[in-house]
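Engineer: Provided below for reference: sequence and predicted model.
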Amino acid sequence: FPPNPKSTHAALHVLCPAMKVLGDQPHLFAEVACFLTQSCLQVLGTASKQSLQDAYEASGDAWASVDMALWRPFGQEAEPSDDDLLAALTRIPAGRLRRLRLRSRRCTDSGVSKALKQHIRLEELCLDSSPRVASKEEACIDSLSGSALAPVAGQLRRLDVAGVRGAVATMAANKASGRLLEGLRLRRPELSDLEAVAHLPGLKFLEIWPAPLRFDSDGLLPALALSEELLEQTFT
């Protein structure tokens, strides 16, 4: 996912005869597909044009959940890019995807937004574009923003974000998401994220992972910028 060429050849040798039988009976293929991994379905999809279509469209809920950590990026990069995300999601039938996990600093707002547009029934999204190792250089690189969530903001029930500027504000600005969003996990949130939480009336679960403690040159922690009023709005 995508499969290794050598393992693909070996798997095709075993699975192609079965594909000829299943290809004539889509309902049977759907029943078998629920027991196959996504990598195996992709291997089956390389047998023919019809098998590729069946691997995605006649595979039931096999593509209801996608974790991009299992995707081997094009060009042997460490993290997936916009092209990787589009390649992984565009063949999945509209409305089939329910859960998506993406951790990458190579994706852009436009790429993520384009990939999510057709998945109108997405319920759970984990989006992390924070640097793996904190450094001044990476801190200067722009991460994703809340606009990447716009296509699915009105339908998400659970959201887990890190390094996505304005994500909570985008959710709060959508009246539907304010009612539907039930679970929210914020990793190293900014002050604006906490301010927007108060505008999510349907929220039932909130988990906050603060940024690592940083000491000033005197070895002291900086003063907290959170006011009592903000804390009361957020947690009551």
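Structural biologist: It's in.
Engineer: tell me the contacts of Ser147?
Structural biologist: Ser147 is in contact with Asp109, Ser113, Gly166, Thr170, counting by Cβ atoms under 8 Å, 6 or more residues apart in numbering. Backbone N, C-alpha and C define where each C-beta goes, glycine included.
Engineer: wait, what's in contact with the first one?
Structural biologist: So that's Asp109. Asp109 makes contacts with Leu144, Ser145, Ser147, Ala148, as judged by Cβ under 8 Å, 6+ apart.
Engineer: mind putting those residues into TSV with pLDDT and distance to Leu41?
Structural biologist: Formatted as TSV, the contacts of Asp109 follow (pLDDT from 0 to 100; distance: Cβ to Cβ, whole Å):
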residue	pLDDT	distance to Leu41
Leu144	91	29
Ser145	93	33
Ser147	93	32
Ala148	94	27
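Engineer: among the residues you listed, which lie within helices?
Structural biologist: Among the contacts of Asp109, no residue falls in helices (DSSP state H).
Engineer: out of the contacts of Ser147, who's nearest Ile92?
Structural biologist: Of all these, Ile92 sits closest to Ser113, with 16.3 Å by Cβ to Cβ.
Engineer: show the pLDDT at the closest one.
Structural biologist: We have a pLDDT of 95 for Ser113.
Engineer: ok, now how distant is Ser147 from Ser113?
Structural biologist: 7 Å (Cβ to Cβ, to the nearest Å).
Engineer: low-confidence ranges in this structure?
Structural biologist: 1-31, 34, 46-47, 132-142, 212-215, 220-236 (pLDDT under 70).
Engineer: one more time with 50, if that's ok
Structural biologist: By pLDDT under 50, the weakly predicted segments of the chain are 1, 3-9, 11-12, 135-140, 227.
Engineer: helices of this structure, start to end?
Structural biologist: With DSSP H as the criterion, the chain has helices at 5-23, 26-33, 38-45, 49-57, 82-89, 109-116, 136-139, 167-173, 175-180, 191-197, 228-235.
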